[in-house]
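1. fold the following, please.
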Amino acid sequence: MARRGGCCMYFNLITAVIGALGGLSAFYVFFFHFENRQAGMWAFVSGVFAATTLFIHILYKRHSLELWYTPENLQQIRVLGFVGFLAGLAGLATYIGIAAASHEDFPSMANISTNYYFMAIWALLTLKWGASLFGFSHYYRKRLLEEYHPLLA
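-> Residues are numbered from 1 along each chain as shown. All right, here's what the predicted structure looks like:
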């Protein structure tokens, strides 16, 4: 059985907490304060992917992942993570391309509400948390298949 504690697990938990809190708080700041709606929405999606990753980490650590999800459910979550990865990749390429084509200056407080680089940063973080959700749901699915025994087999 895989270790459910140790430095790696705590590192994963701490980074997922930071990602979830950072994404959801950045949603509020970008969407309402700076009125950069696109960066705010990317921050929200990134925060949701980070929160989902945090949730499956906590379930795995507490030995209750098999009570919440079957291996088929984790396969569906893996597909969701892959879709998040692809969306983040498309957003990152699009915003970097738009910023480069329009010769946009680097981000500053003066152009925070219209700068495409902020949108690209949050698309990159969505890509990161989508890949993380994909990888960990795949890993936990493999571990669950080694331990999983359905009631009606």
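2. now the nearest residue in space to Leu92 that is not next to it in sequence: how far from Gln38?
-> If the residues on either side of it in the chain are set aside, Leu92 comes closest to Ala123, at 4.3 Å by Cβ to Cβ, 6 or more residues apart in numbering. To be clear about C-beta, it is placed using only N, CA and C from the backbone, and glycine gets the same treatment. Ala123 is 9 Å from Gln38, where distance means Cβ to Cβ, to the nearest Å.
3. more neighbours: the two, which one.
-> Ala123 (27 against 17; other Cβ atoms under 10 Å).
4. center of the protein, which residue is that?
-> By Cα atoms, centre = their mean, the chain has its centre lying nearest to Trp129, at 2.4 Å.
5. would you list every one of the helices in the chain?
-> Ranges of helices in the chain, per DSSP state H, are 7-28, 37-61, 65-68, 71-101, 116-147.
6. can you name the residues in contact with the lowest-mean-pLDDT helix or strand in the chain?
-> Across the helices and strands of the chain, mean confidence by mean pLDDT, DSSP states H and E is lowest for helix 65-68: a mean of 89. For helix 65-68, the surrounding residues in contact (Cβ atoms under 8 Å, 6 or more residues apart in numbering) are 56, 59, 140, 144, 147-148.
7. now these in JSON lines, please, with extra columns for distance to Ala101, neighbour count and pLDDT.
-> Formatted as JSON lines, those follow (distance: Cβ to Cβ, whole Å; neighbours: other Cβ atoms under 10 Å; pLDDT from 0 to 100):
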{"residue": "Ile56", "distance to Ala101": "39", "neighbour count": "21", "pLDDT": "96"}
{"residue": "Leu59", "distance to Ala101": "44", "neighbour count": "16", "pLDDT": "94"}
{"residue": "Tyr140", "distance to Ala101": "41", "neighbour count": "22", "pLDDT": "93"}
{"residue": "Leu144", "distance to Ala101": "46", "neighbour count": "18", "pLDDT": "86"}
{"residue": "Glu147", "distance to Ala101": "51", "neighbour count": "11", "pLDDT": "76"}
{"residue": "Tyr148", "distance to Ala101": "50", "neighbour count": "14", "pLDDT": "65"}
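8. lovely, talk soon.
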